[in-house]
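Colleague: The following block contains a protein sequence and its predicted model.
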Amino acid sequence: MHKARSILIWALVSLCVIVLITLPVNLQTQLIASISVVACMAIIKGLNGGGTWRLVALAFGTAIVLRYVYWRTTNTLPPINQLENFIPGLLLYLAEMYSVAMLALSLFIVATPLPPRPSRAAKLERFPHVDVFVPSYNEDAHLLANTLSAAKAMDYPADKLHVWLLDDGGTLQKRNSNKLLEAQAAVARHNELRQLCEDIGVNYLTRERNEHAKAGNLNNGMKHSSGELIAVFDADHAPARDFLLETVGYFDDDPKLFLVQTPHFFINPDPLERNLRTFEKMPSENEMFYGIIQRGLDKWNAAFFCGSAAVLSRKALESQNGFSGISITEDCETALALHGSGWNSIYVDKPLIAGLQPATFASFIGQRSRWAQGMMQILRFRFPLLKRGLTIPQRLCYMSSTLFWLFPFPRTVFLFAPLFYLFFDLEIFTASGGEFLAYTLAYMLVNLMMQNYLYGSFRWPWISELYEYVQTVHLLPAVISVMLNPRKPTFKVTAKDESIAVSRLSEISRPFFVIFAVQIVALAVTIFRIYTEPYKADVTLVVGGWNVINLIMAGCALGVVSERGERASSRRVRVNRRCEFGVNGKWHAASIEDVSVHGARLHVFDKQLDQSLVGMEGEIRFQPYSGAEMETLPLAIRNIQSSDGLLAVGCQYLPKSALDHRLIADLIFANSAQWTQFQQARRYNPGLIRGTIWFLGLSLYQTSRGLLYFFRSLRPEREEQRELAKAQG
């Protein structure tokens, strides 16, 4: 009876909504309604309305969006007999409908996400055997030493913790390669990593052949281990001491649980954050996914495996013959298969690992291309909407995650659509300036406000658009290629621990300058057409304004592809730990102020030290988080500076044993609270107006910086041309 009543209420509400959005009204009435809704949403947001008020504001916005969709569908498409207008007009319409569909899925997933779960660390009673897998392909020993040491040092009974390095770079296939240099490198790597694992006290495992990429490597690890649970960490993802304490206990609560996923936290900026200088003050791009979207997916039992920083049930994996490997995104594919078999997942919203992300723009695009192609493979081979065993909400959640990677198509259409009118006078959107103001502008404002409601302090205005724009140029051909040949993409390991010694333009930056130049020409055409065709000024102003928005985005992208020179790929993290600093046989009271994966900066309480110590070896003595006795770590002194009455000493680690790597891991990765504090410090919502003003200023500055890099890059070519001219003359 209750179910029938709910269906009846839902049907009546739906009927009322349909009547409202299809109600014929004049332009003035629509304009008043749009202004009223925008004002109501702004008032609710200004009063920090949450809970029901948040849903009310989103409902107001949804009404405007649906009204726009109805008007757009029934009034704005060009006549079908005018193919030169109809075809690009239809493409633009489909791009907009894709955006509306993704907004609808976002509303379903994150309108009311689950709150973060409370800590479980103090409540763990049973300690099952856990196999920790660290799959590796081409990462260097120093990076692996930090990750393996951090994994070995996790706060968990030593006899229940089994750490495995799964090395795909030293396979028998590679060691016996016909290419001599490749074979020698594989043998050297094999021997070096075996010795490293022996020193640290972890297991080294390789296999005969490199088959099925990361999924095959993980499945080989399963064949040689027996732990009840499996924790997976990428080679550059080092866990905090409390990782297992915060995750393992959930498996006792639910016998059908296959996954506990935690967020990926990065101690270095991605190329956009580094080149735009936003890492310290603005939330990272991945925080929108891990801070909001995964919590929304978790509400519908659809949080999925992200390849690392997760604990999985061996029993669940064995029920599906291990990790799936049809696509190159084995993580999401594995989760989809297990969800479809009735297994459950949980998301713990607490950063418990710290990793490295691509430092160069080219590596960043390479990583995103793999993600996009893998998700397209899942869409093609597994099609979540029709996947057996999934609930309806799970189907929608997986469709949202896969369909998202189609964004290069609508982004490309939005980029070129205004150019069709400005350059070729094609009318692909039949509307007057007044209609645009009442419908389209209102829809755009409401869309931005709804995004701000949904993601708040996790995503500042226009930043998602910038990320999508800079990826679109290179992801579009990658997505098209996998659609045409879904089995073609192969797994490619993302470059890690990179550095850029000299400021330069990215090697894949050229298309962005070409697009920017075209849009500058389009701006000049806009001004010319307003002057020469005043009778069409309203439409030209609208289309020209659209092009200006694209120009602002393109200008900001010039700064993104202008790589800033930095000596190290990782940033320093403040730690503030007491220690003793030793040099020349004497010990001095000191504190460790900040650390990175390569070194540390100390404050030493002794003004007698001087520059003569630079270049010498020293050491620091401190107490690890494990509570053990004071331990000593060797260092090289790189610089000494006076700072606020103290001496600031810059040091580089000189690890000489497995214990040294454990101490480095303890300094950087052991304390998960520091990652939470860092994230919270940069999470605030500037609001739509302030955020837009900030983005405009950012774009102007980055446009000038990008053009400066461009003209600098031309100088060597000019000098070569002059030398050639002299030689010929």
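Modeller: Nice, thanks for sending it over. Residues are numbered from 1 along each chain as shown.
Colleague: model confidence over stretch 476-495, on average?
Modeller: Average pLDDT, stretch 476-495: 79.
Colleague: what do you get for stretch 174-189?
Modeller: 90.
Colleague: likewise stretch 276-285?
Modeller: pLDDT averaged over stretch 276-285 gives 90.
Colleague: Nearest residue to the middle of the chain?
Modeller: Closest to where the C-alpha atoms of the chain average out (CA atoms, centre = their mean) is N286, at 3.4 Å.
Colleague: what residues are up against it?
Modeller: The contact partners of N286, by CB atoms under 8 Å, 6 or more residues apart in numbering, come to P263, H264, F266. Where C-beta positions appear, they are placed from N, C-alpha and C, glycine not excepted.
Colleague: Pick out whichever of those sits closest to L91.
Modeller: Using CB to CB, H264 comes nearest to L91 of those, at 35.3 Å.
Colleague: The closest one: neighbouring residues, count only.
Modeller: 22 (other CB atoms under 10 Å).
Colleague: Check G46 too.
Modeller: Neighbours around G46, by other CB under 10 Å: 9.
Colleague: circling back to that earlier point, quick one: which helix or strand includes the residue nearest to the centre of the chain?
Modeller: helix 285-288 (DSSP states H and E).
Colleague: Next SSE downstream of that helix?
Modeller: Trace forward from helix 285-288 with DSSP H and E and the next one is helix 294-299.
Colleague: where's L259, which helix or strand?
Modeller: strand 257-261.
Colleague: just A590 next, same as before
Modeller: strand 586-595.
Colleague: And for L218?
Modeller: helix 213-223.
Colleague: which residues in the stretch 501-650 of the chain form helices?
Modeller: Along the stretch 501-650 of the chain, the stretches classed as helices by DSSP state H, counting those that start in this stretch are 510-532, 537-560.
Colleague: helices or strands up against the shortest one?
Modeller: The contact analysis (3 or more CB pairs under 8 Å, 6 or more residues apart in numbering; DSSP states H and E) places helix 510-532 against helix 408-424, helix 463-484, helix 537-560, helix 688-728.
Colleague: what's next to the shortest one, contact-wise?
Modeller: Outside helix 408-424, the residues within contact range by CB under 8 Å, 6+ apart are 88, 91-92, 94-96, 98-99, 372, 426-429, 468-469, 471-472, 475-476, 479, 515, 518, 522, 525-526, 529, 539-540, 543-544, 546-547, 550.
Colleague: Can you give me the domain assignment for the protein?
Modeller: 20-112+406-485+496-563, 124-357, 573-681 (automatic domain parsing).
Colleague: Just name the most buried of the ones you listed.
Modeller: Comparing the domains of the chain by mean neighbour count (mean count of other CB atoms under 10 Å), domain 124-357 comes out on top with a mean of 21.
Colleague: returning to what we had before: the helices and strands packed on helix 510-532: lowest mean pLDDT?
Modeller: Note on the helices and strands packed on helix 510-532: helix 688-728 shows the lowest mean pLDDT, a mean of 80.
Colleague: picking that back up, out of the contacts of N286, who's nearest L166?
Modeller: Looking across the contacts of N286 and measuring by CB to CB, the closest to L166 is H264, at 19.1 Å.
Colleague: For the closest one, what is the enclosing helix or strand?
Modeller: Using DSSP H and E, no helix or strand contains H264.
Colleague: repeat for L663
Modeller: Going by DSSP H and E, L663 is part of helix 658-668.
Colleague: Quick one: residues contacting C197.
Modeller: Here C197 is in contact with L148, L165, N203, Y204 (CB under 8 Å, 6+ apart).
Colleague: if we take the residues you listed, which one ends up nearest to T29?
Modeller: L148 (67.2 Å).
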